[in-house]
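> following is a predicted model, sequence given first.
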Amino acid sequence: MHEASIVKAIFESCDEIRKTGEITRVTLIKIIVGGMHHLVPQVMLHYFDLMKKEWCGFESAELEMTIVPVKVTCRKCGWSGEVEPPIFMCEDCGSFETDMIQGKDLVIETIQGEA
């Protein structure tokens, strides 16, 4: 259940941003999560709702997630497209010589709140 540690890290990062941005109450956190993280959205939201009570200024915050699929580019034929981990095979030529170009993301996109 790595979701709990990721949610904790989100709170830690957002709390630093909250303090430097002079936000007293955070209302919304939007994150972008790559498919390689294999996060379960319902579990993320569950941990977020449990943990937000422990963080000053986050008690009424909501979490929105955008899940980004894993994409690769084939080094042999140049094909680019979505794949389903753990198989990183080119759908065009069948090569496993691919480079991941999307899907490792874990980014805090937006923090909204009140001063």
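Nice, I can see it. Residues are numbered from 1 along each chain as shown.

> any idea which element the residue nearest the centre of the chain lies in?
The structure's the chain has its C-alpha centroid closest to residue 33; by C-alpha atoms, centre = their mean the separation is 2.4 Å. Using DSSP states H and E, residue 33 sits in strand 25-34.

> sorry, back to before: which residues does the residue nearest to the centre of the chain bridge with?
residue 67, residue 106 (DSSP bridges).

> surely it meets residue 64?
No - judged on C-beta atoms under 8 Å, residue 33 makes no contact with residue 64 at a distance of 10.8 Å. C-beta: built from backbone N, CA, C; applies to glycine.

> number of nearby residues for the closest residue to residue 13 other than its chain neighbours?
Nearest residue to residue 13, sequence neighbours excluded (C-beta to C-beta, 6 or more residues apart in numbering): residue 108, at 6.0 Å. Residue 108 has 14 neighbours, counted by other C-beta atoms under 10 Å.

> isn't residue 108 up against residue 29?
Yes - counting by C-beta under 8 Å, residue 108 touches residue 29, with 6.6 Å between them.

> on that earlier part again, beyond the strand holding residue 33, next helix or strand please.
helix 41-51.

> would you mark the buried spots in that following helix?
By neighbour count with 16 or more other C-beta atoms under 10 Å, helix 41-51 contains the buried residues 44-45, 47-48.

> circling back to that earlier point, next one, pLDDT for the residue nearest to the centre of the chain please.
Residue 33 carries a pLDDT value of 96.

> how much space separates it from residue 10?
For residue 33, the distance to residue 10 equals 10 Å [C-beta to C-beta, to the nearest Å].
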